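**Student:** what's the 3D shape of this:
(one chain, ligands or ions: 1)
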Amino acid sequence: MKSRRDFMGMALGGFTALGAVGGLYAAKETWDMLPSIKSGGFTTIDLSGCFAGEPMVEKWRGKPIFVLKKTADMPKHDRDIVVGDDRYHVSIALCTHLGCIPAYKKGEKKFFCACHGGEFDTSGVNLPGLPPPSPLEIPPFKIEGTTLILGEEGPEYLKMKQNNLIA
Ligand code: FES
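**Tutor:** As a prediction, the model looks like this:
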């Protein structure tokens with residue numbers, strides 16, 4: 001005969017399972033901010049879904065990735081990924097000081113790390129005199145048309161790497 005305790009256990013288990021499914025659904029809606037496909041260690045992003053000045057966050061191999069389509073008034077940089085007439089800043093969204101996730105301050109056009117006050121410009125370059133010792137890291141990438149493939153070292157990435165621009 002099942003005790004009251006068994007029944008409570010089963011009921012709680014049911015709620016937990018429902019909660020987990022709900023949680024997964026909510027998380028999936030949050031992750032898919034840009035049209036993207038994740039498979040075999042690669043994340044494929046359609047950049048045509050980006051709006052200038054509005055950074056998006058994607059995921060590659062468990063790491064958060066910033067994708068910022070630059071506006072015309074944002075300074076150009078050799079770290080930019082150029083697609084047609086558009087320029088993008090793409091970086092691993094982990095502060096190079098101690099690994100916190102910076103937030104983007106739209107009004108100031110900066111990535112700001114709340115942990116110790118680190119700041120990065122719209123090219124992911126660390127601002128001087130603050131704790132982060134280096135720019136936000138650029139993940140391996142390849143460009144095919146308007147598609148960004150994270151995880152593959154394309155010619156644009158290799159050129160940046162050669163010029164010591166990826167970190
Ligand atoms: Fe970002 Fe320290 S972890 S400033």
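**Student:** Quick one: residues contacting residue 70.
**Tutor:** Shown in contact with residue 70 (CB atoms under 8 Å, 6 or more residues apart in numbering): 52-53, 76, 80, 86-89, 122. Where C-beta positions appear, they are placed from N, C-alpha and C, glycine not excepted.
**Student:** Secondary structure element holding residue 160?
**Tutor:** Per DSSP states H and E, residue 160 falls inside helix 155-162.
**Student:** buried ones in that helix?
**Tutor:** Using 16 or more other CB atoms under 10 Å as the test for burial, helix 155-162 gives 156-157, 160.
**Student:** Stretch 42-60 too?
**Tutor:** Residues 43-45, 47, 50, 53, 55-56, 58-60 are the ones in stretch 42-60 that count as buried (16+ other CB under 10 Å).
**Student:** among these, which two are most distant?
**Tutor:** Among the buried residues of stretch 42-60, the pair separated by the greatest distance (CB to CB) is 44 and 53, at 23.4 Å.
**Student:** quick one: the residue most central in space within the chain from residue 139, how far?
**Tutor:** Geometric centre of the chain, nearest residue: residue 65, 1.6 Å, by CA atoms, centre = their mean. According to CB to CB, to the nearest Å, residue 65 and residue 139 sit 6 Å apart.
**Student:** remind me which residues of the chain are low pLDDT?
**Tutor:** Applying pLDDT under 70 to the chain flags residues 1-35.
**Student:** Point out the residues in it that sit beside the ligand.
**Tutor:** 95, 97-98, 100, 113, 115-118, 131-132 (CB under 6 Å from any ligand atom).
**Student:** Narrow those residues to those that are buried.
**Tutor:** Using 16+ other CB under 10 Å, the buried ones in the residues of the chain next to the ligand are 95, 97, 113, 118, 132.
**Student:** Regarding the residue lying closest to residue 155 once chain neighbours are set aside, which helix or strand does it belong to?
**Tutor:** Among residues not flanking residue 155 along the chain, residue 142 sits closest, at 8.0 Å (CB to CB, 6 or more residues apart in numbering). If you go by DSSP H and E, residue 142 is part of strand 141-144.
**Student:** which other helices and strands contact that strand?
**Tutor:** strand 81-83, strand 147-150, helix 155-162 (3 or more CB pairs under 8 Å, 6 or more residues apart in numbering; DSSP states H and E).
**Student:** Pull out the buried residues from it.
**Tutor:** Quick answer for strand 141-144 (16+ other CB under 10 Å): 141-143.
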